[in-house]
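Peer 1: What follows is a predicted protein model with its sequence.
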Amino acid sequence: MASVSLRNVHKKFGPVTVLESIDLEIADGEFVVLVGPSGCGKSTLLRSIAGLESINGGEIRIGDRQINHVAPKDRDIAMVFQSYALYPHMDVRQNMAFSLNLRKSPAELIAERVTAASAKLGLGSLLERLPKQLSGGQRQRVAMGRAIVRNPKVFLFDEPLSNLDAKLRSTMRTEIKALHQSLKTTAIYVTHDQVEAMTMANRIVVMHDGIIQQVGPPLELYDRPINIFVAGFIGSPTMNFFDAVSAGKSARLGDGSALALPASAAVKAGQEIVIGIRPEHLHFSREGLPGTVVVVEPLGMSTQVTLDAAGERVTLMALERPKLAPGEAKYLSAKPEDIHVFDRASGLRLN
Amino acid sequence: MPGQSLFQRIAGQIGLYGAIACYVVFALLPIYWTIKISVTPQDLLYSEGIRLWPSRMTLDNYASVLKASDFPRYFLNSIIVSVTTAIIVTAVASFAGYALSRFKFRGKALVSLVLLLTQTFPLVMVIPPIYRIMGQLGLTDNLYGLIIIYTAFNIAFATFLMQSFLDGVPKDLEEAAMIDGCTRLDALRRVILPLTLPGMGATVAFVFTAAWSELLFGLMLINSESQKTFSVGLLTFVGKFAVDWGQMMAASVLALIPVCLFFLFLQRYLVTGLTAGAVKG
């Protein structure tokens, strides 16, 4: 177990900068999720930590050892790949024992570790099978097992669940989280799925265009996104955005209707801003922002309503079950304290 | 197939198998004829010219090929040349294919292009310069010269073949191996090569067959009896005034045996190997 620190890490592919001054401190035993759209550099960052990519500048440390030029095999890390990368010509036992065999560990230790890991992951009866004889979920478990037996300083996960179906994905999500809670090994987990990020992470790192946008606990990112990108990326369904012009304590939207701003918003009158409201914070009311119902999607626990309002397509999440028909005219409102205010030019949060 | 009557389906099957049978007959008839001639006594060769099987059989042709000619020597030479060439080419092509498959390096496109270009020259065009070079190096009239030439001529295609097989092995596997504790060479040896055995089998088979049946360079570079390969040796059955068909065919049948054995041995690798290569192009 160890901490991981990245200091001013740079990485270029030819003329293209893929990582730009990445600074990140990951504490011992922490579960950190790197999240962002494809091409944001999250996988490159993970592969740089693994040593599969070299960096062009900066410093990567695991514990108190600088590992910039250390070969992957000597970094004392284990990685779970999106494709699982099980060795097809070895059975489950050999797959799990491979790294320990390479290290010439004593046979008793290898047997003990493999048995313990397979018991933990429910692979006991599958040890003699070849990867091609396993289902997707079982392969995923073997990949986990192969990482666990190493007892490494750091676990790296590269989108490990994206090849699984939705149901299995949520089961494995829970299992990985439980596994981390029992092993307490530092873990860095890459995903493009913000639900995985929200549910598993101690801290989320949101990346975009090779730059870290925001680092923080899941709910902090959800409640106080630092800019429009993070606000739009975290949360499902996504936050609703309206272009507006500030008029002191309130904002004037595109259709002329006014919305009260939170008291904390530091805006000048006449400033061009973007207002963000999460779907669950929008409510139907007697007056406010006029909108037209487009689609009603009952989800059971809640109802997702899509409306046209102020020139935008807007999503509203209602816990009650409103009786609505497409084309119906309604008024929308939100409490001032639930409103996020961003500067339109810089995209930065203003409250 | 849905919407077809039983009759149509049967007719379709008959047509399919008929076509395959025609092809098999077409492909195997020369081999059959070779075997037939090899067991036909000399005096019946012309009198029973187009009979499917001679009225009397003899193994005299085989006996004289094995006992009274230099054929066993030719045979051994061919084995030495083909096996050595196949091993060297496959070993070099595996590493070269790995480099082309896995690494980005300066001049990679150029290397591929040059490899491809070597395949476009008509052999006849390069024979004079090669003869001169080999002569000055003292490599004419011995088996080393042949091994070098065959290796050089087969390596380009074999490299592309191995590259396509290696492209089929996911990069993740060797990265996983490298994180698990392998150096790149370890990963190649313990993970990648075991998975490319079908490809290597196909490459070995391809190069072996090419070297085994090569005539032009053998004819040009070899003079002495003791260094002849069997394909060159076959020509010794062509005399000034007559061709000894019986012995020539007997020698040809004998020459088919190692190739058949070889393919039998490689078959389990080859079937998967060739299809895998085909799909990936």
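Peer 2: Thanks, I have the structure now.

Peer 1: Packing partners of the top helix by length along chain A?
Peer 2: Determined from DSSP state H, the single longest helix within chain A is helix A:166-183. If you count contacts as 3 or more Cβ pairs under 8 Å, 6 or more residues apart in numbering or on different chains; DSSP states H and E, helix A:166-183 packs onto helix A:136-149, helix A:194-200. To be clear about C-beta, it is placed using only N, CA and C from the backbone, and glycine gets the same treatment.

Peer 1: continuing past that helix, what's the next helix or strand?
Peer 2: Following helix A:166-183 in sequence order, the next helix or strand is strand A:186-191 (DSSP states H and E).

Peer 1: residues making contact with stretch A:99-114?
Peer 2: With contacts defined as Cβ atoms under 8 Å, 6 or more residues apart in numbering or on different chains, stretch A:99-114 is touched by A:73, A:78, A:93, A:96-97, A:127, A:145-146, A:149-151, B:180-182, B:186.

Peer 1: which of these count as buried?
Peer 2: Among the contacts of stretch A:99-114, those scoring as buried are A:73, A:78, A:93, A:96-97, A:127, A:145-146, A:149-150, B:180-182, B:186 (criterion: 16 or more other Cβ atoms under 10 Å in any protein chain shown).

Peer 1: Turn those into JSON lines, including secondary structure.
Peer 2: Shown next, in JSON lines, are the buried ones among the contacts of stretch A:99-114 (DSSP: H, G, I helix; E, B strand; the rest coil):
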{"residue": "A:73", "secondary structure": "helix"}
{"residue": "A:78", "secondary structure": "strand"}
{"residue": "A:93", "secondary structure": "helix"}
{"residue": "A:96", "secondary structure": "helix"}
{"residue": "A:97", "secondary structure": "helix"}
{"residue": "A:127", "secondary structure": "coil"}
{"residue": "A:145", "secondary structure": "helix"}
{"residue": "A:146", "secondary structure": "helix"}
{"residue": "A:149", "secondary structure": "helix"}
{"residue": "A:150", "secondary structure": "coil"}
{"residue": "B:180", "secondary structure": "helix"}
{"residue": "B:181", "secondary structure": "coil"}
{"residue": "B:182", "secondary structure": "coil"}
{"residue": "B:186", "secondary structure": "helix"}
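
Peer 1: Among the residues you listed, which one sits closest to residue A:213?
Peer 2: residue A:78 (27.9 Å; Cβ to Cβ).

Peer 1: Look up the closest residue to the closest one, ignoring the ones flanking it.
Peer 2: residue A:147 (3.7 Å; Cβ to Cβ, 6 or more residues apart in numbering or on different chains).

Peer 1: shouldn't that neighbour be in contact with residue A:81?
Peer 2: No: between residue A:147 and residue A:81 there is no contact under Cβ atoms under 8 Å: 9.9 Å.

Peer 1: Between those two, which is the more surrounded one?
Peer 2: residue A:147 (29 against 22; other Cβ atoms under 10 Å in any protein chain shown).

Peer 1: domain parsing for the chain?
Peer 2: All of this refers to chain A. A:4-232, A:237-343 (automatic domain parsing).

Peer 1: Hmm, no, I was thinking of chain B.
Peer 2: If you go by automatic domain parsing, chain B breaks into B:1-58, B:69-280.

Peer 1: Most tightly packed of those domains?
Peer 2: domain B:69-280 (a mean of 18; mean count of other Cβ atoms under 10 Å in any protein chain shown).

Peer 1: Are that one and chain A in contact anywhere?
Peer 2: Yes: interface with chain A: domain B:69-280 contributes B:170, B:172-173, B:175-183, B:186, B:191, B:194-195 (Cβ under 8 Å from any Cβ of the partner chain).

Peer 1: Just to be sure, which of those residues are found in helices?
Peer 2: B:172, B:173, B:175, B:176, B:177, B:178, B:179, B:180, B:186, B:194, B:195.

Peer 1: Where does pLDDT dip in chain B?
Peer 2: Scanning chain B with the threshold set as pLDDT under 70 gives B:1-3, B:49, B:268-281.

Peer 1: Is residue A:241 in a helix, a strand, or coil?
Peer 2: strand.

Peer 1: a strand runs through residue A:245, doesn't it?
Peer 2: Yes: assessed with three-state DSSP, residue A:245 lies in a strand.

Peer 1: how many other residues sit next to it?
Peer 2: Neighbour number of residue A:245 under other Cβ under 10 Å is 15.

Peer 1: my guess is it meets residue A:273, correct?
Peer 2: Yes: contact criterion Cβ under 8 Å: residue A:245 and residue A:273 qualify, at 7.1 Å.

Peer 1: got a list of what the residue nearest the centre of chain A touches?
Peer 2: Nearest residue to the geometric centre of chain A (Cα atoms, centre = their mean): residue A:197, 3.1 Å. When contacts are counted by Cβ under 8 Å, 6+ apart, residue A:197 touches A:33, A:35, A:191, A:204, A:218, A:234.
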